[in-house]
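Asks: pasting the sequence and the predicted coordinates here, then a few questions.
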Amino acid sequence: EDQVTQSPEALRLQEGESSSLNCSYTVSGLRGLFWYRQDPGKGPEFLFTLYSAGEEKEKERLKATLTKKESFLHITAPKPEDSATYLCAVQAGRRALTFGSGTRLQVQP
Amino acid sequence: EAGVTQFPSHSVIEKGQTVTLRCDPISGHDNLYWYRRVMGKEIKFLLHFVKESKQDESGMPNNRFLAERTGGTYSTLKVQPAELEDSGVYFCASSQGESLHFGNGTRLTVT
């Protein structure tokens, strides 16, 4: 059974204080690892897809990396508008996405 | 481009009643998914349509849940009769490639 564990559950940062979110996964035949951002009352918003170990993708202050067992979402010099829940999900073969519980990020000005 | 639209945004019903949720995917997206998040848990897969056909319904919890996709366009998810444990947020997503586009969900409360 595919499993995704995200840590920490919650993270509070000061504006400009860089940090990383972790997503550990167990899956047979990884097809892709996905990062989503979710704001309160909204649906998940797609950020990145990573396909193979060593791959990295960047978008503004966010950078996602992937190894064979985990993925990191690095947030550089965050701003209050980066506050959200960040979700990690994996897809094995043609199966549907398996989500982690998410990390609630709060960035204080 | 209009996003994925879900109706209603909130629904409060009593145990034993019936509720129908609707999802309008992004135009042209063949793949349509239903997911749900119950209190304190992660988002979990319910089922997947490709056009009007059910590709995978392995996540449907029991036969009180019925999903349809008329003509490969919008989809409905009916819960009949609703139970307390059905409370949660029901998300619909559509895709034409790798990334899923989610709607804002329907928050269902069964009392």
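Replies: Yep, it's here. Numbers count the residues shown, from 1 in each chain, chains lettered A, B, ... in the order given.
Asks: what's around the residue of chain A found nearest chain B, how many residues?
Replies: When scored by CB to the nearest CB, chain A has residue A:43 as its residue closest to chain B, at 3.3 Å. Where you see a C-beta, it was placed from the backbone N, CA and C, and this is true even at glycine. By other CB atoms under 10 Å in any protein chain shown, 22 other residues sit near residue A:43.
Asks: what helix or strand is it located in?
Replies: Using DSSP states H and E, residue A:43 sits within no helix or strand.
Asks: nearest residue to it other than its sequence neighbours?
Replies: Nearest residue to residue A:43 in three dimensions, chain neighbours excluded: residue B:102, at 3.3 Å (CB to CB, 6 or more residues apart in numbering or on different chains).
Asks: which stretches in chain B count as strands?
Replies: Per DSSP state E, chain B has strands spanning B:5-7, B:10-13, B:19-24, B:31-37, B:44-50, B:53-56, B:65-69, B:75-79, B:88-95, B:101-102, B:106-110. These are given in chain order.
Asks: paired strands for the third one, with orientation please.
Replies: The partner list of strand B:19-24 in its sheet, established with DSSP bridges, is strand B:5-7 (antiparallel), strand B:75-79 (antiparallel).
Asks: let's have the ones you listed in CSV, adding mean pLDDT and mean neighbour count.
Replies: Output for the strands paired with strand B:19-24, formatted as CSV (pLDDT from 0 to 100; neighbours: other CB atoms under 10 Å in any protein chain shown):
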stretch, mean pLDDT, mean neighbour count
strand B:5-7, 97, 17
strand B:75-79, 98, 20
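Asks: who does the residue positioned nearest the centre of chain B bridge with?
Replies: Residue closest to the mean C-alpha point of chain B, counted by CA atoms, centre = their mean, is residue B:34 at 3.8 Å. Beta-bridge partners for residue B:34, by DSSP bridges, are residue B:47, residue B:92.
Asks: okay, it: pLDDT?
Replies: Per-residue pLDDT puts residue B:34 at 98.
Asks: hang on, it packs against residue B:94?
Replies: No: in this structure residue B:34 lies outside contact range of residue B:94 using CB atoms under 8 Å: 10.6 Å.
Asks: list the contacts for the residue nearest to the centre of chain B?
Replies: Shown in contact with residue B:34 (CB atoms under 8 Å, 6 or more residues apart in numbering or on different chains): B:23, B:45-48, B:67, B:75, B:77, B:90-92.
Asks: nearest to chain A, of these?
Replies: residue B:45 (3.9 Å).
Asks: model confidence for the closest one, exactly?
Replies: 96.
Asks: what's the burial count for it?
Replies: When neighbours are counted by other CB under 10 Å, residue B:45 comes out with 21.
Asks: return the residues of chain B in contact with chain A.
Replies: B:4, B:33, B:35, B:41-45, B:48, B:56, B:59, B:91, B:93, B:98-105 (CB under 8 Å from any CB of the partner chain).
Asks: mind checking which of the residues you listed are buried?
Replies: Neighbour-count burial (16 or more other CB atoms under 10 Å in any protein chain shown) is assigned, among the residues of chain B next to chain A, to B:4, B:33, B:35, B:42-45, B:48, B:56, B:59, B:91, B:93, B:100-105.
Asks: what is the nearest residue in space to residue B:39 that is not next to it in sequence paired to in the beta sheet?
Replies: The shortest distance from residue B:39 to any non-neighbouring residue, by CB to CB, 6+ apart, is to residue B:88 (6.5 Å). Listed by DSSP bridges, the beta-bridge partners for residue B:88 are residue B:108.
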